[in-house]
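1. Sequence below, structure please.
(4 chains)
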Number of protein chains: 2
Amino acid sequence: MDTLAFDRHDHRSCIAAGVAQAEAQCASAGLQFTPVRRRVLEILLAGHRAMGAYDILEVLREEGLGSQPPVAYRALDFLVSNGFAHKIERLNAFVACSHMTEDHAPAFLICRACGSVAEAEIRLERGRLGEAAAQAGFTIERTVVEAEGLCPNCAEGRGA
Amino acid sequence: MDTLAFDRHDHRSCIAAGVAQAEAQCASAGLQFTPVRRRVLEILLAGHRAMGAYDILEVLREEGLGSQPPVAYRALDFLVSNGFAHKIERLNAFVACSHMTEDHAPAFLICRACGSVAEAEIRLERGRLGEAAAQAGFTIERTVVEAEGLCPNCAEGRGA
DNA sequence: GTTGCGATGAAATAACGTAACATCTATATC
DNA sequence: GATATAGATGTTACGTTATTTCATCGCAAC
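-> All right, here's what the predicted structure looks like:
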């Protein structure tokens, strides 16, 4: 489990590492890591929290990188499709992926008090839902696994 | 696993049973099972699929039971809060609960081709995410577990 | 050099959801 | 029976999230 999001750490290094990783993967896959896409990933990595598409758009707008919703949504779609970011359905928001190197089904712990989001890796298809789906003849293509509650920091009397 | 949603069955009986169950639980819990709430549950049970709040509102409007969004959202909030319906975050839509008798954490199989939704019961906190959350000191209050893919009917060459 | 494809710009609109406030109704209390 | 209270409803207005559509641009292949 990645509890990074609940602890302090050096943002600058995680931004640089994330961008570098994405850049490398795009290069080897023949994908265009364009300025807008790069910048959106940087914004997500810098925020290190779930951000709405319109939050991101506001930053892009200030920087002259785009002003209309499709600019943000298209960049986010690219990042999500290629595993560099994830959408948190419960929040209608997006986070940078924290396990870019591995192909994985993400799961999230969402703190309802401070809004921080931690990413875990989970193999749902090996669990009970996966068994049940197989039994029913259902083919799982994508999973949404999100747990909402209180992170350790907020649980200390401040969030309950 | 409940694969009911993928098979043919008698809708009338599941509507009647669901409404009766909700009515009984409201009576014993001192909750008001008002006409709008009842009707929204009937609509969800009759649809036996995920429906948007505005789909439901349209029906209510035709029947003179309300015409503004809050009417639908309030009824849906009531049904969801009391376990008679669930929200599918992935679809921004709602389904009637198919296990009203038991207190449960729901999980869903969503067919991307036909839109049908099957509900399973899952105890995520006993699985790997639960362990990880416990280890990280995270308190889970609510879970969202949704798998998207192809149901057996649609997998037969029609959806792939 | 032109064809084709993916990316971008921009306008408009669709879809989803909530805040705020007035009103009503059933029940509890006096 | 009058009145206070809490929950439910009606209505207006607005806020947030997301997509459709069409024009344009830039680059790489042929």
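
2. quick one: secondary structure of A:F94?
-> Taken by DSSP: H, G, I helix; E, B strand; the rest coil, the conformation at A:F94 corresponds to strand.

3. ok, now A:E58?
-> helix.

4. Report pLDDT for it.
-> pLDDT recorded at A:E58 is 97.

5. any idea how far the residue most central in space within chain A is from B:E156?
-> Chain A has A:V95 as the residue nearest its centroid, 2.9 Å off, counting by Cα atoms, centre = their mean. According to Cβ to Cβ, to the nearest Å, A:V95 stands 36 Å off from B:E156. For glycine as for every other residue, the C-beta is placed from the backbone atoms N, C-alpha and C.

6. do A:S13 as well
-> 50 Å.

7. again, but for A:L76
-> 34 Å.

8. Next: A:R112.
-> 42 Å.

9. Wasn't A:G149 part of a strand?
-> Yes: counting by three-state DSSP, one finds A:G149 located in a strand.

10. my guess is it meets A:L109, correct?
-> Yes: counting by Cβ atoms under 8 Å, A:L109 is a contact partner of A:G149 at 7.1 Å.

11. what's the overlap in contacts for the two?
-> B:133, B:138, B:140 (Cβ atoms under 8 Å, 6 or more residues apart in numbering or on different chains).

12. Select from those every entry located in helices.
-> B:A133 (DSSP state H).

13. quick one: the strands in chain A?
-> A:85-88, A:93-96, A:106-111, A:117-121, A:139-150 (DSSP state E).

14. CSV please, covering those strands and showing mean pLDDT and distance to A:R38.
-> Below are those laid out as CSV (pLDDT from 0 to 100; distance: least, Cβ to Cβ, whole Å):
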stretch, mean pLDDT, distance to A:R38
strand A:85-88, 98, 12
strand A:93-96, 98, 12
strand A:106-111, 94, 21
strand A:117-121, 90, 21
strand A:139-150, 94, 25
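
15. what's the helix or strand bottoming out on mean pLDDT in chain A packed up against?
-> Sorted by mean pLDDT, DSSP states H and E, the helices and strands of chain A end with helix A:128-136, the least confident at a mean of 86. If contacts are counted by 3 or more Cβ pairs under 8 Å, 6 or more residues apart in numbering or on different chains; DSSP states H and E, helix A:128-136 sits against strand A:139-150, strand B:106-111, strand B:117-121, strand B:139-150.
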